[in-house]
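**Q** below are the sequence and a predicted model; questions follow.
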Amino acid sequence: MQEAHDALEKRTDVLDKHLMKAVVLGAGGMGRYAARTAAAQDFIEELVVGDLDGGAAGALAGRLGNKARGAAVDVLNEKSLLDLLAGADAVLNTVGPFFRLGPPVLRAAVRAGVHYLDINDDWESTEAMLALDEEARAAGITAVIGVGASPGMSNMLACLAMRELDEVDEVIAGFDLDAAMPEQRGDKPAAATVHGLHQLSGRIRVFENGAFAQAKPQRRVDFDYPGLGPRTGWTMGHPEAVTFPRAFPQLRSARVVMTMAPSNRIAVRVLTGLIDAGLVPLERAARWVERLEGVGKPVKTPADYIAEILDEAASRLPPVFAVAKGRRQGRPATIAGTVRSAPPLGMGGATGVPLAVGLGIVRPELGTKCGVFAPEAILDPVAFFDALAPLCEPVCQSSDDLVVLTRSWDATNLATALSRAKELSAH
């Protein structure tokens, strides 16, 4: 853990002993933000953007300056992918859906001896990729899976919340699924849309009563959010429910919940019912969702969400959060965490920027431990948010400015705490 903390805490002008070559896979809604953030790092000497659409990769690279170049690559063609990874220090993978594409890309990175980070958001691929830990250690590489918004920021928020409890029984990670709609649409449904419907249909992995089990998604979960009061979410398949119990064996329950507008929730229930009945293929349902959602819909800013949370009648939860429940000083206690700001421009920025921030832990001179890790198993949350804070809008100075923790044992109101964002934006 200390190596990861040092990697993110120190400034890049101190850690410039080794210039890196990095590869970003994917030139779309997530990859463009990861590539832009990575290219701005002083320790990145060369950046290669790889995409199935070589033209899109070249166009993105052309906007990133002389250190970047684009290349066409099919991530399911191992030779093509290995050729692209040759000589690289690290690869950032944004190509999904990860339940199909995550494991083969990580296996190629292991074979190439290249450090690996991604935004994997599927529980199936999480389990499959964690199973490659021994191979990654033997190859001397560090792989961090799920470094985005959720998973990613949600994991780090959960870590900060759990630190303040003496005993932790339950943790909930959550996000606003309406906020997770892709900003860009193409001829095929976006991987994020396919992922969402996949994890809201069929069966998902859950951790309840101290054991893993399979269950139907979209089950109602009522919980208390300190500073907001009683709230409701619906279960969804996601990596946090798989990885939290491995990092925190004292847990009795680990769940991921989503929130969304009631009308959208009804539509999703109908579509996932058709998927489960075998009447509609997953990709077709994903296309319907994107048509219903519309193209060119304005992207909400952190200030938009804060305004909705300040409106008590809206009963809104933050767009990404974590809630931990247990005991403090022998008494029942609950603590919740969210962020008052985020990387700009919707889900793409909130997912791609944290991924690039993760490059700080695989600097070769740091000697970071090798293997396959979820964020909470290798990243220090304070250092992570310290590095992310200046990349948010409004800009924050540190983890203390960015993260908002509310506790059941004090009278802090979340709306009051979040209102500080207006002060930050004014400066």
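**A** Happy to help now that I have it.
**Q** hey, let's count contacts and neighbours off CA atoms from now on
**A** OK.
**Q** can you map out the strands along the stretch 251-400 of the chain?
**A** Applying DSSP state E, counting those that start in this stretch to the stretch 251-400 of the chain gives strands spanning 253-259, 320-328, 331-339, 371-373.
**Q** residue 285 is nearest to which of those strands?
**A** Nearest to residue 285 among the strands of the stretch 251-400 of the chain is strand 253-259; the distance by CA to CA comes to 18.9 Å.
**Q** need the residues that contact the closest one.
**A** 169-178, 206-210, 221, 232-238, 240-242, 244-245, 317 (CA atoms under 8 Å, 6 or more residues apart in numbering).
**Q** what do you get if the cut-off is 6 Å, keeping everything else the same?
**A** 170-177, 207-209, 233-236, 241 (CA atoms under 6 Å, 6 or more residues apart in numbering).
**Q** okay, that strand in PDB with CA atoms only?
**A** C-alpha atoms of strand 253-259 as PDB (Å, rounded to 0.1, in the frame of the first residue of the first chain):
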ATOM      1  CA  SER A 253     -22.700  -7.800   3.000                       C
ATOM      2  CA  ALA A 254     -21.400  -6.000  -0.100                       C
ATOM      3  CA  ARG A 255     -23.800  -4.700  -2.700                       C
ATOM      4  CA  VAL A 256     -23.900  -2.300  -5.600                       C
ATOM      5  CA  VAL A 257     -27.000  -0.300  -6.200                       C
ATOM      6  CA  MET A 258     -28.100   2.000  -9.000                       C
ATOM      7  CA  THR A 259     -30.600   4.800  -9.000                       C
END
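**Q** tell me, what residue is most central in the protein?
**A** residue 148 (2.5 Å; CA atoms, centre = their mean).
**Q** without its sequence neighbours, what residue ends up closest to it?
**A** residue 351 (4.1 Å; CA to CA, 6 or more residues apart in numbering).
**Q** can you pull the pLDDT of that neighbour?
**A** If you check residue 351, the pLDDT there is 93.
**Q** what do you get for residue 96?
**A** 87.
**Q** how close does the spatially closest residue to it that is not a sequence neighbour get to residue 69?
**A** In space, and not counting its chain neighbours, residue 96 is closest to residue 191: 5.2 Å by CA to CA, 6+ apart. The gap separating residue 191 from residue 69 is 24 Å, by CA to CA, to the nearest Å.
**Q** equivalent analysis for residue 287, please.
**A** With distances taken as CA to CA, residue 287 is found 32 Å from residue 69.
**Q** likewise for residue 218?
**A** 43 Å.
**Q** show me where pLDDT drops low in the stretch 51-200 of the chain?
**A** Counting by pLDDT under 70, the ranges of the stretch 51-200 of the chain that qualify are 181-186.
**Q** all helices of it, in order?
**A** For the stretch 51-200 of the chain, helices defined by DSSP state H, counting those that start in this stretch occupy the ranges 54-62, 78-85, 98-112, 123-130, 133-139, 153-163, 191-199.
**Q** so which of the strands of the stretch 251-400 of the chain gets nearest residue 117?
**A** Smallest distance to residue 117 across the strands of the stretch 251-400 of the chain (CA to CA): 9.6 Å, for strand 371-373.
**Q** from the contact counts, what lies against the closest one?
**A** For strand 371-373, the elements it packs on are helix 133-139, strand 142-144, judged by 3 or more CA pairs under 6 Å, 6 or more residues apart in numbering; DSSP states H and E.
**Q** what's around the residue lying closest to residue 160 once chain neighbours are set aside, how many residues?
**A** Distances taken as CA to CA, 6+ apart place residue 381 nearest to residue 160, at 6.7 Å, with adjacent residues excluded. Around residue 381 there are 23 other residues, counting by other CA atoms under 10 Å.
**Q** could you measure residue 381 against residue 339, distance?
**A** 12 Å.
**Q** try residue 28
**A** 25 Å.
**Q** same question, residue 414
**A** Residue 414 is 11 Å from residue 339, by CA to CA.
**Q** which residues are in contact with the residue nearest to residue 344 when sequence neighbours are not counted?
**A** Ranked by CA to CA, 6+ apart and with sequence neighbours excluded, the top spatial neighbour of residue 344 is residue 393, at 5.7 Å. Contacts for residue 393 (CA under 6 Å, 6+ apart) come out as 341-344.
**Q** can you pull the pLDDT of residue 345?
**A** 75.
**Q** ok, residue 294 next?
**A** 56.
**Q** same question, the one 4 residues further on
**A** Here, the pLDDT recorded for residue 298 equals 58.
**Q** again, but for residue 340
**A** So residue 340 comes in at 89 (pLDDT).
**Q** for it, the count of nearby residues, please.
**A** Residue 340: 25 neighbours (other CA under 10 Å).
**Q** which residues touch stretch 163-179?
**A** With CA under 6 Å, 6+ apart, stretch 163-179 has contacts from 154, 251-260, 319-328.
**Q** can you flag the buried ones in these?
**A** 154, 251-260, 319-327 (16 or more other CA atoms under 10 Å).
**Q** now do the contacts for the closest residue to residue 389 other than its chain neighbours.
**A** In this structure, residue 389 finds its nearest non-sequential neighbour in residue 396, 4.8 Å apart by CA to CA, 6+ apart. By CA under 6 Å, 6+ apart, residue 396 lies in contact with 389-390, 402.
**Q** did I read that right, residue 47 in a helix?
**A** No. Residue 47 sits outside any helix when classified using DSSP: H, G, I helix; E, B strand; the rest coil, being strand.
**Q** what's near enough to touch it?
**A** So residue 47 contacts 21-23, 67-68 (CA under 6 Å, 6+ apart).
**Q** restricted to buried residues, select those residues in ChimeraX.
**A** ChimeraX command restricting the contacts of residue 47 to the buried ones, with burial defined by 16+ other CA under 10 Å:
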select :21,22,23,68
